Every structure is written in structure tokens, then in C-alpha cells.
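Engineer: The following comprises the amino acid sequence and a computationally predicted model.
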Amino acid sequence: MTAIYLVAVGKVDDEILTGIEVCLWQTFGFTTRRLNPLPDPAPAYDPQRQQYSVIAIMKDLLKQCPGDAIRLLAVTERDLFIPMLSFVFGQAQLRGKIAIISLARLRQEFYGLPANSMLFISRALKETVHEMGHTFGLTHCLDRDCPMSLSTNIQQVDIKGETFCANCTILLRENLRQMYLGG
């Protein structure tokens, strides 16, 4: 295990990927390496929903995950869903290697509002921390300021902070310690 890998699925702006790389390093303390972008996930498209199946994309990501990856985070502009929900901001394997975030609904433009790049970047970093937190064993937190709190709408994303609460910080440290000790 050497690095957290970051990969764009389809076209994703380099500026946001660079911000996510810095966030991953600052939050989790691992080197981040960027993979070559993957093609647009056309096979995952559901024409009835006009969205992309996160499950189909994650199955493909499992095949793409480098052997030395601590984790793999995928970032896409595509709007994602799982069968039981109308949309997801992201999805992760709890204590697994794979996570993905969608930037589609994090943009003000999605809601018919003028672009706001600072707000967009903040939202993307919060969702990065949230989904990667799941891969390191964190579950949803009741502290609304914690990025591990559940977000079912954009207002809930906006309420969150970008850093873990005290309890999630302790749990993350313990989970990382166990990871390294093989326990």
C-alpha cells in the first residue's frame, strides 16, 4: 500500500482534481497519485432515469484499481444514482478500496443558479472527505457540522464543515492504526 489514487471518469476539470488531491493528502496523510482519465461511463447510463448507475461504475473501478492502492477515488461530472434513491452525491465501499463522487449536483448551475466556484469547490471537498471517510470505516455522524453527516440534499452539504468532528477523528485514527497493524 503506497498511495490513494485519484481518477477522473469522463472529462473533469484539472483545477478541481488538484484541489481534491491536496484535500486527500491533508485529511488522510497519504500520497495521492492521479491515474489517466477513464472514458465517459456510457455503459452505466440509464436512459429512463437519465442518470448513471453508480453500481455499474464502481464494478468497473474495481477492475481499474492499482494493486498498491490504499484507496481509489473516482470523480465524475455525471449525475449518479443507486436503485433505492433518486440520486447520490457519491458512494463508497465501507472499509473498501473504492469511492466515487459526482460533481453534477454540487454545482449551483444544476439548481438554475449562477455559478459559484468557491461554493462548488467547498462542496466537492466535503463530499471527498465524506466518501473517503466511509472507505476508512467511518459511518454517518449525527454531528451536522461533520463531513460524515448524511446529506440527502444540497443544503445539508452546505451545513457541513470540511474537517472531521472529534469523534470521527478518533475513529479514523484508530481505524488507520488497525489497518497498519493488520487488525
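Structural biologist: Arrived safely. Numbering: from 1, shown residues only.
Engineer: drop to CA atoms for contacts and neighbour counts, all remaining ones
Structural biologist: Will do.
Engineer: elements contacting whichever strand or helix holds residue 19?
Structural biologist: Per DSSP states H and E: residue 19 is located in helix 14-28. Contact analysis of helix 14-28 by 3 or more C-alpha pairs under 8 Å, 6 or more residues apart in numbering; DSSP states H and E lists strand 3-9, strand 31-34, helix 117-135 as its packing neighbours.
Engineer: Out of the ones you listed, which gets nearest to residue 71?
Structural biologist: Between residue 71 and those, the shortest separation by C-alpha to C-alpha is 4.8 Å, and it involves strand 3-9.
Engineer: related to what we said a few turns ago, okay if I get the helices and strands packed on helix 14-28 as CSV plus mean pLDDT and mean neighbour count?
Structural biologist: Converted to CSV, the helices and strands packed on helix 14-28 look like this (pLDDT from 0 to 100; neighbours: other C-alpha atoms under 10 Å):
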stretch, mean pLDDT, mean neighbour count
strand 3-9, 97, 23
strand 31-34, 96, 18
helix 117-135, 98, 22
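Engineer: so which of those gets nearest residue 46?
Structural biologist: Per C-alpha to C-alpha, nearest to residue 46 of the helices and strands packed on helix 14-28: strand 3-9, 16.4 Å.
Engineer: Check which helices and strands the closest one sits against.
Structural biologist: helix 14-28, strand 31-34, strand 69-76.
Engineer: Please work out the angle formed by the directions of it and strand 69-76.
Structural biologist: On the basis of axes from the mean of the first three to the mean of the last three C-alpha atoms, to 10 degrees, strand 3-9 is oriented at 20 degrees to strand 69-76.
Engineer: And for strand 3-9, what's in contact with it?
Structural biologist: Here strand 3-9 makes contact (C-alpha atoms under 8 Å, 6 or more residues apart in numbering) with 17, 21, 24, 30-41, 68-77.
Engineer: From these, keep the buried residues only.
Structural biologist: Taking 16 or more other C-alpha atoms under 10 Å as the criterion, what is buried in the contacts of strand 3-9 is 17, 21, 24, 30, 32, 34, 37-38, 41, 69-77.
Engineer: okay, how far is it across stretch 104-119, tip to tip?
Structural biologist: 13 Å (C-alpha to C-alpha, to the nearest Å).
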